[in-house]
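Participant: Sharing a model that was predicted from the sequence below.
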Amino acid sequence: MKRLFILLTFCLWACAVQAGEISLSGLYTGSSNLFIQCNGAGIKENCITSIEVNSKKVAFPKSLAFEINLKTTVKVNEQVTVKIIYGAGCTPKIINPQIIKSQEEFGFVSVTASAEGLSWTAKGEKRYSQYIVQVFKGGSWSDEQAVACKGVGGNQTYTSKLTHSAGNNKYRVKYIESGGKTMLSSEAAFTAQSSEITFYPQRVTAKITFSQKVKFKITDTANKTLKEGDALTIDCSDLPMGVYTLEFAGKKEKFFKK
């Protein structure tokens with residue numbers, strides 16, 4: 001009986017300390033700060049125990065009506081989450097929740113390839129997410145560039161400079177949220193009119209020479225990357241004798257190091 005009494009007393013105390021939680025998430029419009037009002041019979045101060053803005057605790061007064069300063073801590077159209085934890089005795093209320101509008105669902109609006117590179121517009125991106133520009137070469141999609149998201153609301157446009165291979169080029173963009181969720185854009189194509197890039201020799205003693213400067217990568221038979229860069233020639237004098245794969249301009253060619 002005594003143990004039951006102690007457990008009941010602890011439960012009542014715990015319920016009194018933390019009676020509820022209010023959470024508001026979305027994009028900050030920047031129109032004003034967030035105003036809080038607490039109501040309850042005969043109370044003289046609020047029963048709020050903790051307030052967090054984007055997981056960081058903020059100070060607040062014990063008065064029944066006060067404001068949470070967002071204008072100096074959150075940028076306009078930036079994603080924000082406000083969490084208010086309160087105990088028994090009063091009921092907090094957010095007076096102007098409309099200053100934090102709901103986060104729109106992510107989606108690609110457009111993806112376009114041009115002579116300058118790849119451009120895309122997306123909406124609903126979340127903070128700490130990123131984009132990966134991918135190129136189709138050698139029969140599969142390969143990561144080309146990583147671009148950090150701005151993490152703000154509305155349509156956001158990005159441009160990635162690319163060196164196209166001669167002939168047809170296919171690109172797409174992968175969106176990756178911090179939690180691991182991904183989404184792929186539609187494909188964008190561009191046909192480059194420049195002459196085909198070649199290299200020599202295929203039996204290498206000291207170096208490989210391209211017909212023009214190009215991005216390249218050399219891998220061994222275990223697919224381990226040994227050399228990569230953007231150059232007209234590659235010093236291969238330090239490679240052991242054997243067969244290697246040379247990737248450049250969307251191609252995968254074999255060469256033998258003597």
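Facilitator: Okay, I see it.
Participant: contacts and neighbour counts: CA atoms only from here.
Facilitator: Noted.
Participant: can you tell me which residues contact the spatially most central residue of the chain?
Facilitator: Central residue check for the chain by CA atoms, centre = their mean: the C-alpha nearest the mean position is that of Ser129, 1.1 Å away. Shown in contact with Ser129 (CA atoms under 8 Å, 6 or more residues apart in numbering): Ala148, Cys149, Gly151, Tyr175, Ile176, Glu177, Ser178.
Participant: mind redoing it with 10 Å?
Facilitator: Counting by CA atoms under 10 Å, 6 or more residues apart in numbering, Ser129 touches 147-151, 175-182.
Participant: swap in Ile218?
Facilitator: So Ile218 contacts 224-229, 234, 236, 244-248, 252-255 (CA under 10 Å, 6+ apart).
Participant: where are the low-confidence patches of the stretch 1-150 of the chain?
Facilitator: Low-confidence segments of the stretch 1-150 of the chain (pLDDT under 70): 1-18.
Participant: can you give me the helices in it?
Facilitator: 2-17 (DSSP state H, counting those that start in this stretch).
Participant: quick one: the strands in it?
Facilitator: Secondary structure of the stretch 1-150 of the chain (DSSP state E, counting those that start in this stretch): strands at 20-28, 34-39, 48-53, 56-57, 65-68, 79-86, 91-94, 100-101, 107-114, 117-123, 130-137, 140-148.
Participant: could I get the ones you listed as a markdown table with distance to Thr205 and mean neighbour count?
Facilitator: Putting the strands of the stretch 1-150 of the chain into a markdown table (distance: least, CA to CA, whole Å; neighbours: other CA atoms under 10 Å) gives the following:
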| stretch | distance to Thr205 | mean neighbour count |
| --- | --- | --- |
| strand 20-28 | 60 | 18 |
| strand 34-39 | 70 | 18 |
| strand 48-53 | 62 | 19 |
| strand 56-57 | 60 | 12 |
| strand 65-68 | 70 | 16 |
| strand 79-86 | 57 | 20 |
| strand 91-94 | 74 | 17 |
| strand 100-101 | 64 | 20 |
| strand 107-114 | 38 | 18 |
| strand 117-123 | 36 | 18 |
| strand 130-137 | 28 | 19 |
| strand 140-148 | 30 | 14 |
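Participant: Can you give the domain ranges for the chain?
Facilitator: 16-101, 107-192, 199-257 (automatic domain parsing).
Participant: what sits against the closest residue to Glu21 other than its chain neighbours?
Facilitator: Leaving aside its chain neighbours, Glu21 sits nearest to Ile85 (4.4 Å; criterion: CA to CA, 6 or more residues apart in numbering). Taking CA under 10 Å, 6+ apart, we find Ile85 in contact with 17-23, 47-52, 92.
Participant: Looking at the contacts of Ser129, spot the one nearest Cys38.
Facilitator: Gly151 (32.6 Å; CA to CA).
Participant: My understanding was that that closest one contacts Lys126; is that so?
Facilitator: Yes: with contacts counted by CA atoms under 10 Å, Gly151 reaches Lys126, the gap being 4.9 Å.
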